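Undergrad: I'd like to go over a predicted model; first the sequence, then the structure.
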Amino acid sequence: PEAASPAVDLSGYTRVRQELVAPPFAPEHEQVATGGPKIVEITLETEERLLTIDEDTGAEIWALTYNGWVPGPLIVVHEGDMVELTIRNPVSSMMEHNIDFHASTGALGGGALTHVFPGEEAVLRWKATKPGCFTYHCAPGGAMIPYHVCHGMNGAVMVLPRDGLKDRDGNALSYDRIFYIGEQDFYLPVDEDGTYKTYAAAGDDYAESIEAMRSLTPTHSVFNGAVGALTGENALRANVGETVLMVHNQANRDSRPHLIGGHGNYVWESSFSDPPLTGMETWFVRGGSAVAVLYTFEQPGVYAYVNHNLIEAAILGATAHVVVEGAWNNELMEQVVAPRAF
Amino acid sequence: PEAASPAVDLSGYTRVRQELVAPPFAPEHEQVATGGPKIVEITLETEERLLTIDEDTGAEIWALTYNGWVPGPLIVVHEGDMVELTIRNPVSSMMEHNIDFHASTGALGGGALTHVFPGEEAVLRWKATKPGCFTYHCAPGGAMIPYHVCHGMNGAVMVLPRDGLKDRDGNALSYDRIFYIGEQDFYLPVDEDGTYKTYAAAGDDYAESIEAMRSLTPTHSVFNGAVGALTGENALRANVGETVLMVHNQANRDSRPHLIGGHGNYVWESSFSDPPLTGMETWFVRGGSAVAVLYTFEQPGVYAYVNHNLIEAAILGATAHVVVEGAWNNELMEQVVAPRAF
Amino acid sequence: PEAASPAVDLSGYTRVRQELVAPPFAPEHEQVATGGPKIVEITLETEERLLTIDEDTGAEIWALTYNGWVPGPLIVVHEGDMVELTIRNPVSSMMEHNIDFHASTGALGGGALTHVFPGEEAVLRWKATKPGCFTYHCAPGGAMIPYHVCHGMNGAVMVLPRDGLKDRDGNALSYDRIFYIGEQDFYLPVDEDGTYKTYAAAGDDYAESIEAMRSLTPTHSVFNGAVGALTGENALRANVGETVLMVHNQANRDSRPHLIGGHGNYVWESSFSDPPLTGMETWFVRGGSAVAVLYTFEQPGVYAYVNHNLIEAAILGATAHVVVEGAWNNELMEQVVAPRAF
Ligand SMILES: [Cu+2]
Ligand SMILES: [Cu+2]
Ligand SMILES: [Cu+2]
Ligand SMILES: [Cu+2]
Ligand SMILES: [Cu+2]
Ligand SMILES: [Cu+2]
Ligand SMILES: [Mg+2]
Ligand SMILES: [Mg+2]
Ligand SMILES: [Mg+2]
Ligand SMILES: [Mg+2]
Ligand SMILES: [Mg+2]
Ligand SMILES: [Mg+2]
Ligand SMILES: [Mg+2]
Ligand SMILES: [Mg+2]
Ligand SMILES: [Mg+2]
């Protein structure tokens, strides 16, 4: 940093450790903060791993990840807390990594202070002064920024207001579960015969990836790292009457999520310091943003949660399923006459 | 449905039939509801028809439609009403169809309950619990979803608040006319010589269409089914002093409508349960949404209504005209000096 | 105009001349209007010039400009003022030009009244009735509209509320500086060997440009006319504690600006007649819009201001730098442990 700064008085903070969990789940947390502000300690490992992103075609990519997951884990704190991150780059890595937290202030979101080469670690502490859901991502510089982000190296922080979520009139809102969805655009280079190319190690696809990215047209747009990662056995689950907070992160490219058969009852596209939008059919994720959407399920059945560019949903992979159990409500919808010949 | 549900008591509802009309017009309706809630009966036929989408090039597509129109007809009800739809698939059809109403709750928006093969019909009733403009569209499953939607099979429902539209302060807003505009992205396969391919029957272009869609780049983006469908003889019409509600549906792809020479005085991008945005130059349609925009014309002349990606407007087709009659107001704008040599 | 109109009484207005300045700067203006409404006289020359848009590759375009700048100059007035524009097309020009002000009402935003051929001038007066930031651009008709706009012929007008900017609760907001950023999508035709084509004169690239535009995929997306126009020696500058109003214009294509390491404290995506959004990580510019964003710098250092489609930022050119001086605040962020081997 450019100028000397007095030491920070941390005596008012309680130190806690947040155990990060794999998406689509959220770490344990309070919705309304109790006690004073906290220093929330977390650890992220910059893991490079070969990831199959579509089992049907065998398409694979040397994913760049935080903790091995695409997206990186959801971090949850309250406004006024501090995040104290240890970032570690394993010796086995091929590349340099760092992290830029959109929720933080200064030094390129921490990117300037966290460049770790293979075998290095760094510790960064920043204060969560603004409530909302925010993207974080690797940003090593220049064209390496979209390269790392489009190889999976991004995730989200949720900074809750200390007194929890509120509607436009100030009434408290709460949730029974969180679905944390990271949408990832991949740009896989293809062979002359149109098949996706494979590479021996992380970074080997650099030049061809950059060329593929220039098209601004992903070959894949998937939730949680792979086509079908949130369908079938891995479908999301809820019950009628339960309220779910859907946190959707897209670190690079616009998206427009939609819950088929449901709605966004409360939608925070901007931040938690603005009143939520309500009753939405389809909401918007400005590329490089995380949003939060609250919905209370009213009907059982299988819902599809999609990027409502339906080409991206059904052909490029951006579809998840939510299996909801409970009693059907014929008042909301009734099949008066099942399909029959006329 | 998964669980038995008690029969619904419909005794409090009055049954009415809504005669649907061709776009860009709206069916007869009240802006403020009188009397109690209604069951609004409508019929949609899933008609497959060869449609010329650009007379200049002769580009054509086997459009998949509701009632023969692209977009499908505008349905107008009030919050608390029920929609009772009869969906019929003619024996002459080549394909299975169904319908997903973004305005409804459960069963994939009714999609799971309305799969009709050629020669079949079904009846679905659902309650309009959320006010706003909402897309509906065919969603037969998998890649057939974008295929049907991008062949024209989509439209909009407007669910008005029972007491009508309001500004941010709760003051009543009303309109003199509705312009209902459906923007349609088409992805026409091209021959080796670059001409648009033609096909013998609906569905024959399936594999090549899916390939074309992967580009995420439409060959055409048109209003109401064809280049020029709302210009010249078919231009929209209004008078100075009249207030028009423009309902814009885009079931698949983001759009950003703009009225050249006018504004969006009140813009509902999210729903009618949120205060409208005001004084906008260009508004946003999240792909898979319908929006409503209120404008009172202040000047006569020919307005262009466009998708303000001007490439899409002027090259791909997304332009309509509005011919407005009345007296010019030099206070708002005056040509002080007409073009002259200097 | 279609109908005779009584002469306008201009006696209540004071005439002033606004000297327009090159981007990224703003002309002298009051944030809160003093005195009565004004007639603000401005002059725009439609200058065609060969512009190098990327020094590394030598990529160049016959830019179509207002006053020689891409974007055209920022115009600042207050609600209730009139803009009186003299538009002049030099004799040396190859093409016809005009101007469409999104902020104005009628005659295609003035486009219908300002068609000037080489050697012609015209004068247009219009009243700024709606507060907000608004795009202006050339719109000669048909495919010439995207052609001119995508050759740089666009800029912004800021119409301030007479009593200045306000937060959601009506508290006054002000700024110390303006950064005026025009984002420009260019679609450069390429040779068979993939190099950008060059042309002898403005307009010579017409047919090939239109073909390139059909891809909807720009070859360049730059701030203020060229890759690196706002970095290095030309970086934007501010101090810790200063509040900057960032006005971002994109006349054709959606954008999603982000200030790396900072935020949008107050964001007016729609207009100044709506409450600003707050605490945003990334905001949205509907293609064909100008937006305003207020931020108070809290940390020194080099910030990057980007279109957060990071491919567009880092590969297509949409990156600016802001150099901020002042004292580092370790409470907001501290590098607890600099990168070290573990
Ligand atoms: Cu990285
Ligand atoms: Cu970022
Ligand atoms: Cu269908
Ligand atoms: Cu849908
Ligand atoms: Cu021009
Ligand atoms: Cu325009
Ligand atoms: Mg598959
Ligand atoms: Mg800050
Ligand atoms: Mg966010
Ligand atoms: Mg034509
Ligand atoms: Mg519901
Ligand atoms: Mg809607
Ligand atoms: Mg360069
Ligand atoms: Mg007006
Ligand atoms: Mg604007």
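TA: Received the coordinates, thanks. Ligands and ions are numbered 1, 2, ... in the order given.
Undergrad: And A:Phe272, how far from A:Leu245?
TA: Per Cβ to Cβ, to the nearest Å, A:Phe272 is found 11 Å from A:Leu245. C-beta coordinates here come from the backbone N, C-alpha and C atoms, glycine included.
Undergrad: between those two, what contacts are shared?
TA: Shared contacts of A:Phe272 and A:Leu245, defined by Cβ atoms under 8 Å, 6 or more residues apart in numbering or on different chains, are found at A:Ala292.
Undergrad: who in chain A is up against ligand 11?
TA: Within chain A, the positions lying close to ligand 11 (Cβ under 5 Å from the ion) are A:His263.
Undergrad: Is the residue in chain A positioned nearest to ligand 10 in a helix, a strand, or coil?
TA: Relative to ligand 10, the nearest point of chain A is A:Ile311 (24.8 Å; Cβ to the ion). Look at A:Ile311: counting by DSSP: H, G, I helix; E, B strand; the rest coil, its state is helix.
Undergrad: who are the neighbours in contact with it?
TA: Counting by Cβ under 8 Å, 6+ apart, A:Ile311 has contacts B:Pro146, B:Cys150, B:Met213, B:Arg214, B:Leu216, B:Asn252.
Undergrad: okay, these in JSON lines with distance to C:Leu236 next?
TA: Formatted as JSON lines, the contacts of A:Ile311 follow (distance: Cβ to Cβ, whole Å):
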{"residue": "B:Pro146", "distance to C:Leu236": "42"}
{"residue": "B:Cys150", "distance to C:Leu236": "42"}
{"residue": "B:Met213", "distance to C:Leu236": "41"}
{"residue": "B:Arg214", "distance to C:Leu236": "39"}
{"residue": "B:Leu216", "distance to C:Leu236": "33"}
{"residue": "B:Asn252", "distance to C:Leu236": "38"}
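Undergrad: Select only the buried ones of those in PyMOL?
TA: Burial among the contacts of A:Ile311 is assessed by 16 or more other Cβ atoms under 10 Å in any protein chain shown; the matching PyMOL selection reads:
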select buried, chain B and resi 146+150+213+216+252
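Undergrad: circling back to that earlier point, what score does the residue of chain A closest to ligand 10 have for pLDDT?
TA: pLDDT, A:Ile311: 98.
Undergrad: Residue of chain A nearest ligand 7, please.
TA: Counting by Cβ to the ion, chain A gets nearest ligand 7 through A:Asp56, at 3.3 Å.
Undergrad: Distance of that residue relative to C:Asp81?
TA: Relative to C:Asp81, A:Asp56 is positioned 61 Å away (Cβ to Cβ).
Undergrad: Between those two, which has more neighbouring residues?
TA: Using other Cβ atoms under 10 Å in any protein chain shown as the criterion, A:Asp56 and C:Asp81 rank with C:Asp81 on top: 23 against 8.
Undergrad: can I assume that one is in contact with C:Ile39?
TA: Yes: here C:Asp81 reaches C:Ile39: they are 7.2 Å apart, a contact under Cβ atoms under 8 Å.
Undergrad: report the longest helix in chain A, please.
TA: Ranked by residue count under DSSP state H, the longest helix found in chain A is helix A:206-213.
Undergrad: So the helix or strand following it, near ligand 7 or not?
TA: Sequence order places strand A:220-223 as the next helix or strand after helix A:206-213, per DSSP states H and E. No: counting by Cβ under 5 Å from the ion, ligand 7 has no neighbours in strand A:220-223; the shortest distance is 9.9 Å.
Undergrad: Listing partners with orientation, what would you give for strand A:220-223?
TA: When pairing is defined by DSSP bridges, strand A:220-223 lines up against strand A:177-186 (antiparallel).
Undergrad: mean confidence score for the strand it pairs with?
TA: Mean predicted lDDT for strand A:177-186 stands at 98.
Undergrad: from the chain's centre, how far out does that strand sit?
TA: For strand A:177-186, the separation from the chain centroid amounts to 4 Å (computed by Cα atoms, centre = their mean, to the nearest Å).
Undergrad: Could I get the CA-only coordinates of that strand as PDB?
TA: This file holds the C-alpha atoms of strand A:177-186, laid out as PDB (Å, rounded to 0.1, in the frame of the first residue of the first chain):
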ATOM      1  CA  ARG A 177     -32.400 -23.200   2.700                       C
ATOM      2  CA  ILE A 178     -29.800 -21.700   0.300                       C
ATOM      3  CA  PHE A 179     -29.300 -22.900  -3.200                       C
ATOM      4  CA  TYR A 180     -25.900 -21.500  -4.400                       C
ATOM      5  CA  ILE A 181     -25.500 -21.700  -8.100                       C
ATOM      6  CA  GLY A 182     -22.500 -20.700 -10.100                       C
ATOM      7  CA  GLU A 183     -23.000 -20.300 -13.800                       C
ATOM      8  CA  GLN A 184     -19.800 -20.800 -15.800                       C
ATOM      9  CA  ASP A 185     -19.200 -19.900 -19.400                       C
ATOM     10  CA  PHE A 186     -16.500 -22.200 -21.000                       C
END
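Undergrad: didn't the residue of chain A closest to ligand 7 look like it was pressed against A:Val227?
TA: Yes: look at A:Asp56 against A:Val227 with Cβ under 8 Å: they come within range, at 7.1 Å.
Undergrad: and the angle for the longest helix of chain A with strand A:177-186?
TA: Helix A:206-213 and strand A:177-186 are oriented at 100 degrees to each other (axes from the mean of the first three to the mean of the last three Cα atoms, to 10 degrees).
Undergrad: Which strands and helices lie in contact with helix A:206-213?
TA: helix A:144-149 (3 or more Cβ pairs under 8 Å, 6 or more residues apart in numbering or on different chains; DSSP states H and E).
Undergrad: Let me know whether the helix it packs on sits next to ligand 1.
TA: Yes: contact of helix A:144-149 with ligand 1 is found when judged by Cβ under 5 Å from the ion, involving A:His148.
Undergrad: what about dumping the CA coordinates of that helix to CSV?
TA: Taking Å, rounded to 0.1, in the frame of the first residue of the first chain, the C-alpha atoms of helix A:144-149 are listed here in CSV:
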residue,chain,number,x,y,z
MET,A,144,-5.0,-14.0,-17.9
ILE,A,145,-8.0,-12.4,-16.1
PRO,A,146,-10.7,-13.8,-18.5
TYR,A,147,-8.7,-16.9,-19.0
HIS,A,148,-8.7,-17.8,-15.2
VAL,A,149,-12.3,-16.6,-14.7
